[in-house]
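>>> all I have is the shape, not the residue letters:
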């Protein structure tokens, strides 16, 4: 279709700024037993960890860098020294190459008035180095740490190994049934 009307840039810019406005900073507290010296979550990454994470990558869609997760998976062995250096440097210095933080954003028209920014859906193509690999490595470590240290509440089913929404629904059903 030919688009005869479009969103003005200034309206779209204001809309995006409003969408992504930061909330007020919250106060951070130190948990009992949490020390500053070498927490296990921040130990250096090992090749087997990176290999395990990359083996779960299936998407063949190209990212903002032009690479797909599938391609990175195939190149993991060759790129292992780069991955180890990149991810361990990110852990120790809390920095990441700016190029790897870039994303490509596309807006797809849904329905309604084309001049209204709310009538568009955004599609974001992330860089696979940060979004998938690094965050997957950290997520795995944080989940394992939480499991090993019994940090999940008994009734939490999300992000809890061996639990599912089916289990949560079954528990809810049993509780409701016992109260009838």
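The structure has been received and is ready for your questions. This structure is a prediction, so every number in the text was calculated from the model and none was measured.
>>> can you give me the helices for the chain?
9-19, 47-55, 69-93, 98-101, 128, 135-148, 165-179 (DSSP state H).
>>> how about low-confidence regions in the chain?
For the chain, the stretches with pLDDT under 70 are 1-7, 12, 15-17, 19-38, 129-131.
>>> let's see it at 80
Along the chain, segments meeting pLDDT under 80 span 1-40, 58-68, 96-102, 126-132, 154-163.
>>> so which bits of stretch 96-109 are buried?
96, 100 (16 or more other C-beta atoms under 10 Å). All C-beta spots, glycine's among them, are computed from the backbone N, C-alpha and C.
>>> contacts for stretch 118-126?
With C-beta atoms under 8 Å, 6 or more residues apart in numbering as the test, stretch 118-126 has contacts from 7, 15, 61-64, 103-113, 132.
>>> and for residue 53, the neighbour number?
For residue 53, the neighbour count with other C-beta atoms under 10 Å is 23.
>>> hang on, I meant residue 56
As a burial measure, residue 56 scores 11 neighbours (other C-beta under 10 Å).
>>> what of the one 3 residues further on?
Other residues lying near residue 59 total 14 when counted by other C-beta under 10 Å.
>>> against residue 115, how distant is it?
To residue 115, residue 59 is 34 Å away according to C-beta to C-beta, to the nearest Å.
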